[in-house]
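# any chance you can model this:
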Amino acid sequence: MEKYRVSLADEERAVLESLVSKGKAAARRIAHARILLLADEGHDDEDIASALEISARTVGRVRKRLVTEGFLAAVDHKPQPPRPDKVKIKGNVEQELIRVACSDPPEGHCHWTLQLLADELVALGLVKVVSTETVRQALKKTTSSRGSSRPGACRPMRTGSTSGAWRT
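I've put the predicted structure just below:
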């Protein structure tokens with residue numbers, strides 16, 4: 001792994017020392033400040049990691065960010081990339097999934113499996129890739145029951161009265 005040499009200017013060192021002494025910042029920001037201060041003093045990654053109880057990989061990444069991206073990027077944490085939508089099957093794709101699940105299964109199969117449904121959605125061009133778990137969650141949301149004697153979405157069954165009165 002490449003070593004990135006840390007050399008701080010006097011004003012950068014003063015900013016980091018005040019940040020650490022106040023302790024009124026995010027824990028990650030304070031840890032990065034301590035990493036940079038110790039690295040500027042000439043300590044190696046393993047010593048810094050053991051002193052601050054963090055991984056040596058983190059120390060290396062903070063050093064690298066200081067050299068390649070600058071002082072502010074090294075002190076502030078790198079934001080996570082945006083997460084994809086949790087619900088991948090919605091709208092027209094969901095309607096098509098239900099339509100396919102309620103239809104007759106393909107030749108040679110007695111019922112639709114989650115894998116067959118996922119493959120069918122891809123074959124129809126509705127999604128590029130879909131997992132069986134995503135299909136399962138979409139079907140669960142629609143209260144579809146592949147285990148019932150009737151095909152298609154389940155309708156709530158009427159339950160008996162709980163009043164205790166006798167029916168005649």
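
# can you pull out the helices in the protein?
Applying DSSP state H to the chain gives helices spanning 10-22, 27-40, 45-52, 56-69, 71-75, 92-102, 114-123, 132-141.

# any idea which helix or strand in the chain has the lowest mean pLDDT?
helix 132-141 (a mean of 89; mean pLDDT, DSSP states H and E).

# now residue 25: how far from residue 16?
From residue 25 across to residue 16, the span is 11 Å (C-beta to C-beta, to the nearest Å). C-betas here are computed from N, CA, C, even on glycine.

# gap between the closest residue in space to residue 52 that isn't next to it in sequence and residue 126?
Once flanking residues are discounted, residue 52 sits nearest to residue 34: 5.7 Å by C-beta to C-beta, 6 or more residues apart in numbering. In this view, residue 34 and residue 126 are 51 Å apart by C-beta to C-beta.

# how about residue 55?
Taking C-beta to C-beta as the criterion, residue 55 is separated from residue 126 by 43 Å.

# when these two are compared, which one has more neighbours?
residue 126 (17 against 11; other C-beta atoms under 10 Å).

# per-residue pLDDT, that one?
On pLDDT, residue 126 comes in at 89.

# hang on, isn't residue 46 packed against residue 56?
Yes: Residue 46 lies in contact with residue 56 (C-beta atoms under 8 Å); the separation is 5.6 Å.

# who has more neighbours, the two?
More crowded of residue 46 and residue 56, by other C-beta under 10 Å: residue 56, with 15 against 10.

# list residues touching both of residue 25 and residue 16?
Residues touching both residue 25 and residue 16 (C-beta atoms under 8 Å, 6 or more residues apart in numbering): residue 33.

# quick one: which of those two has more around it?
residue 16 (23 against 15).

# which ones are touching that one?
Taking C-beta under 8 Å, 6+ apart, we find residue 16 in contact with 8, 33, 36, 37, 75.

# which single one of those residues is nearest to residue 137?
residue 75 (40.3 Å; C-beta to C-beta).

# run a quick neighbour tally on the nearest residue to that closest one once chain neighbours are set aside.
Closest residue to residue 75 apart from its sequence neighbours, by C-beta to C-beta, 6+ apart: residue 32 at 5.2 Å. Neighbour count for residue 32, taken as other C-beta under 10 Å: 27.
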